[in-house]
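Asker: Need the 3D shape of this:
(2 chains)
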There are 2 protein chains.
Amino acid sequence: MKITRRTFAHGLTASAAFATLPRIGSGQATHVDRMLGYCIVGLGRISMGHFMPACKISQKSRVTALVSGHRDKADKMAAQYNVPVKSIYGYENFDEIATNPDIDAVYIALPNNMHAEYTIRAAKAGKHVLCEKPMATTVKDSEDMIAACKTASKKLMIAYRCQYEPVNLRAIELIRSGKLGSIQAIESANGFIEHAGEWRLSKKMAGGGPLLDVGIYSLNACRYLTGEEPVQIAGYSTVVDHDGRFNEVEENDCWTMRFPSGVVASCNTTYGANMPGFYRVHGSKGMLHMEPAFSYEGIHLKAQIHGESPIEMQEPGKDPDQFVREADYFADCVFQNKEPKTNGEEGLRDMRYMSEILKSGGRTLG
Amino acid sequence: MKITRRTFAHGLTASAAFATLPRIGSGQATHVDRMLGYCIVGLGRISMGHFMPACKISQKSRVTALVSGHRDKADKMAAQYNVPVKSIYGYENFDEIATNPDIDAVYIALPNNMHAEYTIRAAKAGKHVLCEKPMATTVKDSEDMIAACKTASKKLMIAYRCQYEPVNLRAIELIRSGKLGSIQAIESANGFIEHAGEWRLSKKMAGGGPLLDVGIYSLNACRYLTGEEPVQIAGYSTVVDHDGRFNEVEENDCWTMRFPSGVVASCNTTYGANMPGFYRVHGSKGMLHMEPAFSYEGIHLKAQIHGESPIEMQEPGKDPDQFVREADYFADCVFQNKEPKTNGEEGLRDMRYMSEILKSGGRTLG
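Answerer: You can find the predicted model right below:
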């Protein structure tokens, strides 16, 4: 790994994260013409149900273009978001976004295996890129994405929502402040039941099973909670339900990590059970339990420091606030020429770790 | 491993376990002269605070002799339990228990590294053995204990309290009944803050760190919950607090297991934090959360089956009821010439798994 622990830890400094946290609806954008124009690439649940509605209430981010293979759906969404017909693209003429001045950035919400291609094409078209996680389906693709954005001098951010969410940031702050004492161990899990026919069950499209889609939250959380990079990581990948759904990707993954300070972490993920997203952080002076930890709203922290009253924090607001924060943070990065804290390198680290986990369990990434 | 999965699963059949579960104070012992006479070997917290008080309220088990290196303490306890002076032993004259007809069995609550010696000497003295967990500090010692009891035709039971505790048995039953659907994954943790000067921090006396003392609960639980033996197991062992406590044993362990059905499990244990003992079992139809899962009283189960009302069960009674069940179950095994379900082989399995975990993390057992 070329990225040092120091680089990463710096990027995760809780106070810095707080400082850049936009307030929902606080109107910090001073000029309406300084709103970031997003071209939405892929009209699925996350874009139509969360990201685009977020842009509607944001004062820094707006939807200015659409890319879809379904013209009917695109026309309907364009009408809802006042996107002119000229700014509706298909995948075949995607590169024409280059000449559309209303597009500052693309938001990529495609099946995982298309992330690399459209990130690289967007960068070549001179657009910044906000890409959903997992970054790609292979380490090589991830590296190519970073290189393409660097060559084009365009920002690349991976959409790690939770790193911009106030309750997760509060958890980081509690840990960094020393309130929990010396951190010893973390448990985390995240999973849901995936149904036959979904692209997530295709190895080609998804690159792997629940680890890439939802386990990545636990993996990323262990890293932002500790502010450290694991020095050892390994696990097992299995199939319980031989009902045809898991002919290509695994159904379950478990893995453990050892961090430089000695913190250990144990994680589970699944496509075979509705597994609540949670984490528990154990320190010598207390424990922190986050549940739900990764959902679109309602994130809830409970902490018990020895000898003190319990600490509790519930996420303010509701969905799509987390997407507003994410979209607006990236807008700030573009406008202020700041490197996103969840940049391509941050996504690449998780890709490498997930590759290690799958490899240790007898599978491969991508 | 010579023990097959079938043997183990049979031993753990929930209904069989329920059938043999004694009711506290139900007076099932028909003759007072059929009470099992226990010689308590080691007067520490667990014997004086839990096991001996349990014998006081039991109708099948009673304290008939004591072994201690502290004569004053022994005299005091003897008075409390109506143990005659002739039945107070030191470690030097331990073997004289052979000629004491009031002693049917020994209860071994010594530092881990003394379990093997006193189990073997007790068997040679013609006494049955109920031995605290972990069974020993090495796999070899565990094998020798089994062999000695077999040669002497004496019962050997390892004191896995939770396998005789009604709420844990209810969890097993919920899983076996199929109510949770196909089981996918388990998370478990158990730990506490150990203080300088305790024998548990001595490698020689303890054989290892928190894994042997408290992590063993999570390990054993994953096995009784699934009714399966792990086919892969590995983890990491670390020290966070370099304050002198962990010069010999590790402070933290994390590990993962893969079971034949495909169930995965992730566990943590520590001597560096007050880590609540818990487990979560995720199935395709629901989830079961047990917390506290391993404590002396108050064990609490919550289960949520999709589309059904929540299931909740709190352990009836209080400490030392779990020790009554354990002592009386072993009395039944002796009186009815039954093999204990947590026999030496069951203890040996955990010793082998813990050896694997420590080895994979760069440490050794014993």
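Asker: make it CA atoms for all contacts and neighbour counts henceforth
Answerer: Will do.
Asker: The stretch 251-366 of chain A against chain B: which residues are in contact?
Answerer: Within the stretch 251-366 of chain A, the residues that sit near chain B (CA under 8 Å from any CA of the partner chain) are A:252-258, A:261-270, A:272-275, A:282-287.
Asker: Among the residues you listed, which are located in strands?
Answerer: A:252-258, A:264-270, A:282-283, A:286-287 (DSSP state E).
Asker: mind checking the SS state of A:Val106?
Answerer: Taking DSSP: H, G, I helix; E, B strand; the rest coil as the rule, one finds A:Val106 in the strand state.
Asker: Can you tell me the element the closest residue to it other than its chain neighbours falls in?
Answerer: Spatial nearest neighbour of A:Val106, excluding adjacent residues (CA to CA, 6 or more residues apart in numbering or on different chains): A:Cys39 at 4.6 Å. Taking DSSP states H and E as the definition, A:Cys39 sits inside strand A:36-41.
Asker: Report the strands that pair with that strand, each with its relative direction.
Answerer: strand A:61-67 (parallel), strand A:105-108 (parallel) (DSSP bridges).
Asker: Give me the contact list for the next helix or strand after the last one.
Answerer: Past strand A:105-108, further along toward the C-terminus, the next helix or strand under DSSP H and E is helix A:115-124. Residues outside helix A:115-124 that contact it (CA atoms under 8 Å, 6 or more residues apart in numbering or on different chains) are A:95, A:97-98, A:106, A:108-109, A:128-129, A:131-132, A:135-136, A:141-142, A:144-145, A:148-149, A:152, A:154.
Asker: How far does helix A:115-124 sit from its chain's centre?
Answerer: Between the centre of helix A:115-124 and the centre of its host chain there is 17 Å, according to CA atoms, centre = their mean, to the nearest Å.
Asker: Check stretch A:335-342 too.
Answerer: Relative to where its chain is centred, stretch A:335-342 has its mean C-alpha point 16 Å off (CA atoms, centre = their mean).
Asker: Ok, stretch A:234-254 next?
Answerer: Taking CA atoms, centre = their mean, the mean C-alpha location of stretch A:234-254 is offset from the chain mean by 23 Å.
Asker: Going by neighbour count, which residues of that stretch are buried?
Answerer: Buried residues in stretch A:234-254, counting neighbours by 16 or more other CA atoms under 10 Å in any protein chain shown, are found at A:234-241, A:245-246, A:248-254.
Asker: Kindly list the longest strand within chain A.
Answerer: Every strand in chain A considered (DSSP E), the longest is strand A:183-191.
Asker: how big is the angle separating that strand from strand A:264-270?
Answerer: The directions of strand A:183-191 and strand A:264-270 differ by 0 degrees, with axes from the mean of the first three to the mean of the last three CA atoms, to 10 degrees as the criterion.
Asker: Strand A:183-191 versus strand B:252-258: what angle between them?
Answerer: Interaxial angle, strand A:183-191 versus strand B:252-258 (the same axes, to 10 degrees): 30 degrees.
Asker: Could you measure from the nearest residue to A:Gly197 once chain neighbours are set aside over to A:Ile193?
Answerer: Ranked by CA to CA, 6+ apart and with sequence neighbours excluded, the top spatial neighbour of A:Gly197 is A:Arg245, at 7.9 Å. Counting by CA to CA, to the nearest Å, the gap from A:Arg245 to A:Ile193 is 11 Å.
Asker: returning to that earlier point: and the contacts of helix A:115-124, which of them are in strands?
Answerer: Mapping the contacts of helix A:115-124 onto strands (DSSP E) picks out A:106, A:108, A:128-129, A:131.
Asker: ok, so of the residues you listed, who is nearest B:His300?
Answerer: A:Cys131 (43.2 Å; CA to CA).
Asker: which other helices and strands contact the longest strand of chain A?
Answerer: helix A:216-226, strand A:264-270, strand A:278-283, strand B:264-270 (3 or more CA pairs under 8 Å, 6 or more residues apart in numbering or on different chains; DSSP states H and E).
Asker: at 6 Å instead, please
Answerer: The criterion is 3 or more CA pairs under 6 Å, 6 or more residues apart in numbering or on different chains; DSSP states H and E, and the helices and strands that strand A:183-191 contacts are strand A:264-270, strand A:278-283.
Asker: Specify the angle between the first one and helix A:216-226 in degrees.
Answerer: Right, strand A:264-270. Using the same axes, to 10 degrees: strand A:264-270 against helix A:216-226 is 160 degrees.
Asker: What mean pLDDT does strand A:264-270 get?
Answerer: Confidence over strand A:264-270 (mean pLDDT, whole number) is 98.
Asker: Next, the buried residues of that strand.
Answerer: Neighbour counts using 16+ other CA under 10 Å place A:264-270 of strand A:264-270 among the buried residues.
Asker: Quick check: the most centrally placed residue in chain A vs A:Val324, distance?
Answerer: Centre of chain A computed as the mean C-alpha position; nearest residue by CA atoms, centre = their mean is A:Tyr160, 2.5 Å away. Here A:Tyr160 is placed at a distance of 13 Å from A:Val324 (CA to CA).
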